[in-house]
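# Sequence first, then the predicted structure:
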Amino acid sequence: MSYADLLQAVQTVAAQLQQQGATPGSLIACMLPRSPEAVISMLAILWTGAAFLPLDPAGPMRRSDTVLAQAQPLLGIATQQDAERFAPHCRVLCLQRRDHGIWQLVAAVAPGHGITMPAADTAPADAATFAAPVMPADDTPAYVIYTSGSTGHPNGVMIGRAALAHFVAAIGSQYGLTPKAHILQFAPLHFDACIEEIFGALCHGATLILRHDAMLDSLPLFLQACDAMAISVLDLPTAFWHELAYCISEGQARLPASVRLVIIGGEAALPERLARWRTSVPGHVVLQNTYGPTETTVICSSAALAGPDCILPAASIGNGEAGPLPIGRPLPGVLLAVVDDNGQPCATGTAGQLQIAGPTLALGYLAQPALSARRFRALPALPQAPRWYQSGDRVVLGQDGQLRDLGRLDDE
């Protein structure tokens, strides 16, 4: 799809959602597989001023029931196959592509049937205006993503539009995203990593390429597919990158020549795999190690572990003796601080809890004011911001100015 076609589809679907009652402040659930319909639905929901709630179509029914009962969305968008999962909670719609490329919402009533809604008139718009209406910088929710935390209890993290807009601008600068980029959409759509991929691409004029499941049949096949699609930016779970680094270092496959940036995150990167990567991958390829709770809009810090701006000399990696690999410095505008049990700032080299502040903080937890007040609060010793997120992560700030993650402190 061109940007003009995408914009037309988003406007058309947004108008239909407004006919169904979507307004600023509404919450609309999406239970869709990785597809153009999923991307269009997210953007159309934002266009109406509402917030989207992504759910896993392959997830347990019990979890989706728990989330939907707490979130109480106005509407759901799903495939006909999954429509019944919304039945006790809200009306459900299906998005279909009709003749002549028209995208139409239909009300799911029974398998194989639907009621076509009247199409709304929409005027063609300039693709250059795409990002601004989707992400106006205000404090209304943009999306809600449920995390389980360490206890397994679902918590709905509300990310505001201003936070999303700031995050997208920050990663555009951090990663050097341009319209020339081909960005692979890898993450499941109910994980916040997809926000970085989808909005990082579409709000910087890049090409977004949706991964298909067959790409994961083997690592050589995955890299061959990326080569064929001229992927230039890969955003991968660290565990997947661990296997990729081993595969490439053993000569089983090669990184496509088109790849210039690999972003990893989600768990600690292993020094041994980094050593393999740096001896097997061309030196111009940037490897960004990222860190961030969902409550801080995807990520809040990053460190270049390989590439022209690498922060680590080769002698400092490979055997793990230097401790965990760094998670880096804060994104533009983000504030990070390390405090002790009394909320006092720790000296460099002393471990403590990571506190996060700035424009990318979540609005709080949906329908959980007590938890929101406990995890987002003022710290008298840190007057630089009115509200800090208590990450629950134990970190240390090194003499090199880089943060390193030492593991969890709490069980929430």
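Everything's here; your move.
# contacts, neighbours, all on C-alpha from now
Noted.
# What is the longest strand anywhere in the chain packed up against?
When the chain is parsed with DSSP state E, its longest strand is strand 388-397. Strand 388-397 sits against strand 335-339, strand 352-357, helix 369-375, strand 376-377, strand 403-408, with contacts defined as 3 or more CA pairs under 8 Å, 6 or more residues apart in numbering; DSSP states H and E.
# Parallel or antiparallel, which strands does that strand pair with?
Note on strand 388-397: by DSSP bridges, its sheet partners are strand 352-357 (antiparallel), strand 376-377 (antiparallel), strand 403-408 (antiparallel).
# picking up where we left off before, ranking the helices and strands packed on strand 388-397 by burial, who's on top?
Stretch with highest mean neighbour count among the helices and strands packed on strand 388-397: strand 352-357 (a mean of 25; mean count of other CA atoms under 10 Å).
# Check which element follows that one along the chain.
Per DSSP states H and E, strand 352-357 leads on to strand 364-365 as the next helix or strand towards the C-terminus.
# Contacts made by that following strand with the rest, please.
If you take CA atoms under 8 Å, 6 or more residues apart in numbering as the criterion, strand 364-365 is touched by 155-159, 295, 371-372, 376.
# follow-up on the earlier one: return the alpha-carbon coordinates of the longest strand of the chain using CSV.
Provided in CSV are the C-alpha atoms of strand 388-397 (Å, rounded to 0.1, in the frame of the first residue of the first chain):
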residue,chain,number,x,y,z
TRP,A,388,8.8,9.3,38.7
TYR,A,389,8.1,5.7,37.7
GLN,A,390,9.4,3.1,40.2
SER,A,391,10.8,0.6,37.8
GLY,A,392,11.6,-2.2,40.3
ASP,A,393,14.8,-2.8,38.4
ARG,A,394,18.2,-2.8,40.2
VAL,A,395,20.8,-1.0,38.1
VAL,A,396,24.2,0.7,38.5
LEU,A,397,25.6,3.7,36.8
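# Give me the contacts around it.
293, 295-296, 338, 348-357, 361, 375-379, 403-410.
# how about the helix ranked longest in the chain: buried residues?
In the chain, taking DSSP state H as the definition, the longest helix is helix 3-19. Across helix 3-19, burial judged by 16 or more other CA atoms under 10 Å covers 3, 6-18.
# and that helix, what does it pack onto?
If you count contacts as 3+ CA pairs under 8 Å, 6+ apart, helix 3-19 packs onto helix 36-48, strand 103-110.
# can we see that at 6 Å?
When contacts are defined as 3 or more CA pairs under 6 Å, 6 or more residues apart in numbering; DSSP states H and E, helix 3-19 sits against helix 36-48.
# mean confidence score for the helix it packs on?
In this model, helix 36-48 carries a mean pLDDT of 97.
# start the count at 48, not 1, going forward
From this message on, residue numbering opens at 48, which makes the last subject helix 83-95.
# From the contact counts, what lies against that helix?
Here helix 83-95 touches helix 50-66, going by 3+ CA pairs under 6 Å, 6+ apart.
# Can you show me the CA trace of the helix or strand following the helix it packs on as PDB?
Toward the C-terminus, helix 50-66 is succeeded by strand 74-78 as the next helix or strand (DSSP H and E). Backbone C-alpha positions of strand 74-78 (Å, rounded to 0.1, in the frame of the first residue of the first chain) are rendered in PDB as follows:
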ATOM      1  CA  LEU A  74     -11.300   2.400  24.200                       C
ATOM      2  CA  ILE A  75     -11.500   0.000  21.300                       C
ATOM      3  CA  ALA A  76     -10.100  -3.500  21.500                       C
ATOM      4  CA  CYS A  77      -8.300  -5.200  18.500                       C
ATOM      5  CA  MET A  78      -7.800  -8.900  18.300                       C
END
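# hmm, who's touching strand 74-78?
97-104, 120-125 (CA atoms under 6 Å, 6 or more residues apart in numbering).
# Now render the helices and strands packed on strand 435-444 as CSV, adding mean pLDDT and distance to residue 249.
Formatted as CSV, the helices and strands packed on strand 435-444 follow (pLDDT from 0 to 100; distance: least, CA to CA, whole Å):
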stretch, mean pLDDT, distance to residue 249
strand 382-386, 98, 26
strand 399-404, 98, 26
helix 416-422, 96, 31
strand 423-424, 98, 30
strand 450-455, 94, 30
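# looking at those, which is closest to residue 188?
Closest to residue 188 of those, according to CA to CA: helix 416-422, at 14.8 Å.
# just to revisit the earlier point, now do the longest strand of the chain, average pLDDT.
Strand 435-444 carries an average pLDDT of 97.
# Would you indicate which residues of that strand are buried?
Neighbour-count burial for strand 435-444 flags 435-444 (criterion: 16+ other CA under 10 Å).
# Helices of the stretch 98-247 of the chain, start to end?
Secondary structure of the stretch 98-247 of the chain (DSSP state H, counting those that start in this stretch): helices located at 108-118, 178-181, 208-222, 240-249.
# Relative to residue 136, which of these is closest?
Of all these, helix 108-118 comes closest under CA to CA, at 6.5 Å.
# Need the CA coordinates for the closest one. PDB is fine.
Written as PDB, here are the backbone C-alpha positions of helix 108-118 (Å, rounded to 0.1, in the frame of the first residue of the first chain):
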ATOM      1  CA  MET A 108      -9.600 -17.300  26.500                       C
ATOM      2  CA  ARG A 109      -9.400 -16.800  30.200                       C
ATOM      3  CA  ARG A 110      -6.900 -14.000  29.900                       C
ATOM      4  CA  SER A 111      -8.800 -12.100  27.200                       C
ATOM      5  CA  ASP A 112     -12.000 -12.400  29.300                       C
ATOM      6  CA  THR A 113     -10.100 -11.000  32.300                       C
ATOM      7  CA  VAL A 114      -8.700  -8.100  30.300                       C
ATOM      8  CA  LEU A 115     -12.000  -7.300  28.500                       C
ATOM      9  CA  ALA A 116     -14.000  -7.400  31.800                       C
ATOM     10  CA  GLN A 117     -11.600  -4.900  33.300                       C
ATOM     11  CA  ALA A 118     -11.100  -2.700  30.300                       C
END
